[in-house]
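In: Below are the sequence and a predicted model for it; my questions follow.
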Amino acid sequence: MRSLILKIFLCYWIAASLIIVVVDLGPHEQMRRGEATSALASTLRIHGRFVAQAYEAGGCAAAVPLLSDSTNTMILATDAGTMVCPVEPGDNLHFLMKRAASSDVPIAINFHRFQVVALKVSSPSGKPYLLLLKSKYSFPLLSGLVPGGTTVVISAIVTLLLGILVAMPIRRLRRAARDIANGHLEARVQWSSLPRALTRHLPTDVLDALIVDFNHMAERLQTLVGAQRLFFRDVSHELRSPLARLAVALELARLAGTESMSAPLDRIDEEAARINDLVSQLLSLSYVETLHDLSQSTILSLRDLVDTILPDFQYEASSSQCRVIAVALDECTVQGDPVMLHRALENVVRNAIRYTPEDGVVEILVERIERNGSPWAVLRVRDNGPGVPPDELNSILLPFYRVDKSRQRSTGGFGVGLAIADRAVKLHAGEITASNRAEGGLMVEMIFPCAEPAPRLPHFPVHRRGPPSVADAK
């Protein structure tokens, strides 16, 4: 907002400066304001009469005391344009004096360092003369470009109000766009911070039309996403019953079948398990996407969380001929849902195990850092697998996204696990990022704001129904 107000202010003054340059730096052949012209003409005529009288009586010696003061200098000249007292060569005033000799009003011209006003006057004897008033600028180098203090104050207030009128709706639009990007699809842009009764009869502008269109877009997006989530949830629930019947039919087929049917039945069992895993993850993703806050939140230690579920990870890693270790575990406490944090860490670690080669190592780190003067807890999971192309690092957190070259379907992933972890971390006011390691592999960082220390988290059982859920494909 401040940058927008500054831009408006600068644009205003660039335009004003151009106007000042064109108007004020050009030579003024006559005074602009009538009342100022009349007052100046009267003053110069009276003073010029005394100067001419002194000059006729005693020459320049008698007239000089009347021709200068601390700020202004006057020159007496004949009506033919010849300077008589004093004579100042170098200033091209012949055109000015010629114009003044044929005019009854003051004629002015601007120079870089001073302004000259010329007026025809008469001595008491009736002889015509020209009196030239030479006034120096207070700031010669900036003359005509620097406005007065009142102009600066008024223009600053006007541009500030104009900037606020333009910036506030844009600021509300940005806030609503961020809310929608974070999953709050019910976010809408307010019309104005003023009461609706005061703005009801005001004419609409482009920003008002933009707000209307944005709210309509957000409402339509909420409807479409809601319908999609409902569709996924309904389909997932509907698939549970046929899968259960399929499992029963499969066991009956095993009992009644021959030995030659064992291989096809095993294949059916494997594919049914994959479908069941996909259904479980779709239900989990649908659930976390409908949440806007944590219903069950407590203060827990990330180190205790890792210690609690580390044996499960090590057991799963043993079947892939790799290891899972906790490299460094600082004491960090966060405010959150233990089950949801467990699910997020489980999906990330299981994803790392899947793509870690034999004899590879998956590292889990918990670190406490300072960011903008506030403590934050960082939970890192590092593997030494094939990594991810740099231009696809942000995309692997999207649902159903798979990297074709390094993440084939044969690995068993559906592209859902990391999306669940991403949503779970954001529900805890945290951030999740993925990056490639210089030595090879992928590193996923989950950052959470620290909470007040709490007692060590006791071991809590994690109940599963059916086989473990398949984690995300990077």
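Out: Perfect, I can see it now.
In: hey, where'd the strands end up in the stretch 301-450 of the chain?
Out: 323-329, 333-336, 361-371, 374-382, 431-436, 442-449 (DSSP state E, counting those that start in this stretch).
In: what sits up against the first one?
Out: So the one you mean is strand 323-329. 302-303, 306-307, 310, 313-314, 316-317, 349, 353, 360-367 (C-beta atoms under 8 Å, 6 or more residues apart in numbering). In short, each C-beta sits where N, CA and C put it, glycine included.
In: same thing but 7 Å
Out: For strand 323-329, the surrounding residues in contact (C-beta atoms under 7 Å, 6 or more residues apart in numbering) are 303, 306, 310, 313-314, 317, 349, 353, 361-367.
In: how about that strand: buried residues?
Out: Residues of strand 323-329 classed as buried by neighbour count (16 or more other C-beta atoms under 10 Å): 323-324, 329.
In: Adjacent strands (with direction) for that strand?
Out: strand 361-371 (parallel) (DSSP bridges).
In: residue nearest the centroid of this protein?
Out: Nearest to the mean C-alpha position of the chain, by C-alpha atoms, centre = their mean, lies Arg174 at 8.1 Å.
In: Do you know the pLDDT at that residue?
Out: Model confidence at Arg174, given as pLDDT, is 88.
In: do Arg2 as well
Out: Listed pLDDT for Arg2 reads 68.
In: same check, this time on Gln190
Out: If you check Gln190, the pLDDT there is 79.
In: so where's the stretch 301-450 of the chain shaky on pLDDT?
Out: Along the stretch 301-450 of the chain, segments meeting pLDDT under 70 span 403-414.
In: ok, which stretches of it are helices?
Out: 302-318, 338-355, 417-427 (DSSP state H, counting those that start in this stretch).
In: Of all those, which one is nearest Gln281?
Out: Gln281 lies closest, by C-beta to C-beta, to one member of the helices of the stretch 301-450 of the chain: helix 417-427, at 6.8 Å.
In: Packing partners of the closest one?
Out: helix 262-290, helix 338-355, strand 431-436 (3 or more C-beta pairs under 7 Å, 6 or more residues apart in numbering; DSSP states H and E).
In: Okay, buried residues for that helix please.
Out: 417-425, 427.
In: Out of the helices of the stretch 301-450 of the chain, which is closest to Ser262?
Out: Proximity to Ser262 (C-beta to C-beta) singles out helix 302-318 among the helices of the stretch 301-450 of the chain, at 26.4 Å.
In: what angle do that closest one and strand 361-371 make?
Out: For helix 302-318 against strand 361-371, the angle by axes from the mean of the first three to the mean of the last three C-alpha atoms, to 10 degrees is 160 degrees.
In: Would you mind getting the angle between helix 302-318 and helix 338-355?
Out: Following the same axes, to 10 degrees, one obtains 40 degrees for the angle between helix 302-318 and helix 338-355.
In: any residues touching helix 302-318, and which ones?
Out: Outside helix 302-318, the residues that touch it by C-beta under 7 Å, 6+ apart are 323-324, 326, 329-332, 334, 338, 341-342, 345-346, 349-350, 353, 362, 364, 366, 377, 379, 456-457, 459.
In: Filter those residues down to the buried ones.
Out: 323-324, 329, 332, 334, 338, 341-342, 345-346, 349-350, 353, 362, 364, 366, 377, 379, 457.
In: Relative to Glu186, how far out is Thr78?
Out: Distance, Thr78 to Glu186, using C-beta to C-beta, to the nearest Å: 87 Å.
In: again with Glu370
Out: Glu370 sits 35 Å away from Glu186, going by C-beta to C-beta.
In: So which of these two has more stuff around it?
Out: Glu186 (12 against 9; other C-beta atoms under 10 Å).
In: Apart from its chain neighbours, what residue comes closest to Tyr129?
Out: Leaving aside its chain neighbours, Tyr129 sits nearest to Ala52 (4.9 Å; criterion: C-beta to C-beta, 6 or more residues apart in numbering).
In: quick one on the thing from earlier: highest mean neighbour count out of the helices and strands packed on helix 417-427?
Out: Sort the helices and strands packed on helix 417-427 by mean neighbour count, taking mean count of other C-beta atoms under 10 Å, and helix 338-355 sits at the top with a mean of 23.
In: Keeping just the C-alphas, turn it into CSV.
Out: The C-alpha coordinates for helix 338-355 follow below in CSV (Å, rounded to 0.1, in the frame of the first residue of the first chain):
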residue,chain,number,x,y,z
PRO,A,338,-0.9,-35.2,17.6
VAL,A,339,-2.8,-37.5,15.3
MET,A,340,-2.7,-35.1,12.4
LEU,A,341,1.0,-34.3,12.9
HIS,A,342,1.7,-38.0,13.1
ARG,A,343,-0.1,-38.5,9.8
ALA,A,344,1.9,-35.7,8.1
LEU,A,345,5.3,-37.0,9.3
GLU,A,346,4.3,-40.6,8.4
ASN,A,347,3.5,-39.7,4.8
VAL,A,348,6.7,-37.7,4.4
VAL,A,349,8.9,-40.4,5.9
ARG,A,350,7.3,-43.3,4.1
ASN,A,351,7.6,-41.4,0.9
ALA,A,352,11.4,-41.0,1.6
ILE,A,353,11.7,-44.7,2.4
ARG,A,354,10.1,-45.7,-0.9
TYR,A,355,12.7,-43.8,-3.0
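In: how much does that helix deviate in direction from helix 262-290?
Out: Using the same axes, to 10 degrees: helix 338-355 against helix 262-290 is 130 degrees.
In: which helices and strands does helix 338-355 pack with?
Out: Helices and strands touching helix 338-355, by 3+ C-beta pairs under 7 Å, 6+ apart, are helix 302-318, strand 361-371, strand 374-382, helix 417-427.
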